[in-house]
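Colleague: Okay, predicted coordinates and the sequence, questions at the end:
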Amino acid sequence: MFSAWTRTAKPVYDFTITDQTFDEYKKAGVRPMVELGFMPRDLAVTVPGVDTYQVHYPANTTSGASNNPPKDYALWGELVRK
């Protein structure tokens with residue numbers, strides 16, 4: 001998993017890997033469906049008892065902090081807009 005968003009004094013948006021992936025899809029004639037998910041680590045709200053950011057199979061992969069809501073909806077909205 002990669003993050004297109006990094007928290008610094010001014011958020012950094014890097015869609016390089018995403019752009020390269022979608023360029024390959026386009027070359028192959030694929031029209032993918034895109035779903036926004038997996039909250040960036042620095043943007044995920046802290047939930048008591050959720051200590052792991054990303055849980056991997058065979059564990060329940062919907063149980064990690066990557067599935068938590070954003071701690072700042074304005075920053076999340078800007079990420080989605082970008």
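Modeller: Thanks, I have the structure now. Predicted model, so just to flag it, every value in this text is computed and none were measured. Numbers count the residues shown, from 1 in each chain.
Colleague: Show the subsequent helix or strand relative to the lowest-mean-pLDDT helix or strand in the chain.
Modeller: Least confident helix or strand of the chain, by mean pLDDT, DSSP states H and E, is strand 5-6 with a mean of 66. Sequence order places strand 12-13 as the next helix or strand after strand 5-6, per DSSP states H and E.
Colleague: just checking, what packs against that following strand?
Modeller: strand 5-6 (3 or more C-beta pairs under 8 Å, 6 or more residues apart in numbering; DSSP states H and E). C-betas here are computed from N, CA, C, even on glycine.
Colleague: Quick one: end-to-end distance for stretch 40-47.
Modeller: Taking C-alpha to C-alpha, to the nearest Å, the first and last residues of stretch 40-47 lie 14 Å apart.
Colleague: in that stretch, what's buried?
Modeller: Using 16 or more other C-beta atoms under 10 Å as the test for burial, stretch 40-47 gives 40, 41, 43, 44.
Colleague: Determine the three-state secondary structure at the second one.
Modeller: So the one you mean is residue 41. Using DSSP: H, G, I helix; E, B strand; the rest coil, the structure places residue 41 in coil.
Colleague: any idea how far residue 35 is from it?
Modeller: 19 Å (C-beta to C-beta, to the nearest Å).
Colleague: So residue 70 sits against residue 41, correct?
Modeller: No: Residue 70 is beyond contact range of residue 41, at 11.5 Å (criterion: C-beta atoms under 8 Å).
Colleague: Could you look up the next helix or strand downstream of the longest helix along the chain?
Modeller: In the chain, assigned by DSSP state H, the helix with the most residues is helix 16-27. Sequence order places helix 73-81 as the next helix or strand after helix 16-27, per DSSP H and E.
Colleague: Can you tell me, leaving aside adjacent residues, what's nearest to residue 25?
Modeller: residue 32 (5.3 Å; C-beta to C-beta, 6 or more residues apart in numbering).
Colleague: sorry, that was for residue 13
Modeller: Residue nearest to residue 13 in three dimensions, not counting chain neighbours: residue 82, with 4.9 Å by C-beta to C-beta, 6+ apart.
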